[in-house]
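Q: Predicted model and sequence below, questions to follow.
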Amino acid sequence: NAGVTQTPKFRVLKTGQSMTLLCAQDMNHEYMYWYRQDPGMGLRLIHYSVGEGTTAKGEVPDGYNVSRLKKQNFLLGLESAAPSQTSVYFCASRKGQSRSGANVLTFGAGSRLTVL
Amino acid sequence: DAKTTQPPSMDCAEGRAANLPCNHSTISGNEYVYWYRQIHSQGPQYIIHGLKNNETNEMASLIITEDRKSSTLILPHATLRDTAVYYCIVSARAGGTSYGKLTFGQGTILTVHP
């Protein structure tokens, strides 16, 4: 049981290049999230998904696109990378509705992206 | 979601209890208090959550004041591995339009000393 797995762990891009970050979870969780974390700042939500085939914008969605074609995978795409997107990206997942309504998220180990 | 206020940093001696405070004076009745922590370079890890009553699990205890405007996370016997950034988050019950989104602030950097 791997939990939440992010690939790649590290990537260096040049401005204008595109890339996709993959998040995979094996816990049959309904909800998935992409956050970014910059030095000295907390995590900020980029996009999220409440189920297969659905996506929604978070706090800082500009410059990113996402897809959730399969329940277990949530992809984060950068169509034209910019230096401002240099960050550590974290994926998280959560079970669907629960009686307690608890927001217990399981996070991946992170993907460190540098845009030159 | 209600805003939280935490001290930027705290120190604790190994083996002693670490008490991390959090103010959430604008919390509403349907909002829970969550604690997560992030050890350097790792993803955040869930610790505990509560609504009104005090809660305890294998990692920590959560004490919520009667008016729910503040809370304290207690690590009963801190170890060096507990050195991390601790986030106090207030969030509505997941469901409806909240979709389980959590808003992470700056957190408290807890340093456990030998």
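A: The structure has been received and is ready for your questions.
Q: Output the set of residues of chain A in proximity to chain B.
A: A:4, A:31, A:33, A:35, A:40-45, A:48, A:50, A:56, A:58, A:90, A:92, A:94, A:97-98, A:101-110 (CB under 8 Å from any CB of the partner chain). (Glycine included, C-beta is placed from N, CA and C.)
Q: Now with 7 Å, please.
A: A:31, A:42-43, A:45, A:48, A:50, A:90, A:94, A:97, A:101-105, A:107-110 (CB under 7 Å from any CB of the partner chain).
Q: buried subset of those residues?
A: Using 16 or more other CB atoms under 10 Å in any protein chain shown as the burial test, the residues of chain A next to chain B include A:31, A:42-43, A:45, A:48, A:50, A:90, A:94, A:101-105, A:107-110 as buried.
Q: coming back round to it: out of the residues of chain A next to chain B, which sit inside strands?
A: A:31, A:43, A:45, A:48, A:90, A:94, A:107 (DSSP state E).
Q: of those residues, closest to residue A:62?
A: Checking these against residue A:62 with CB to CB, the nearest one is residue A:45 at 12.8 Å.
Q: Distance of the spatially most central residue of chain A relative to residue A:95?
A: For chain A, the residue nearest the mean C-alpha position is residue A:34 (2.5 Å; CA atoms, centre = their mean). Going from residue A:34 to residue A:95 by CB to CB, to the nearest Å gives 18 Å.
Q: related to what we said a few turns ago, can you give me the distance of the residue nearest to the centre of chain A to residue B:90?
A: 22 Å.
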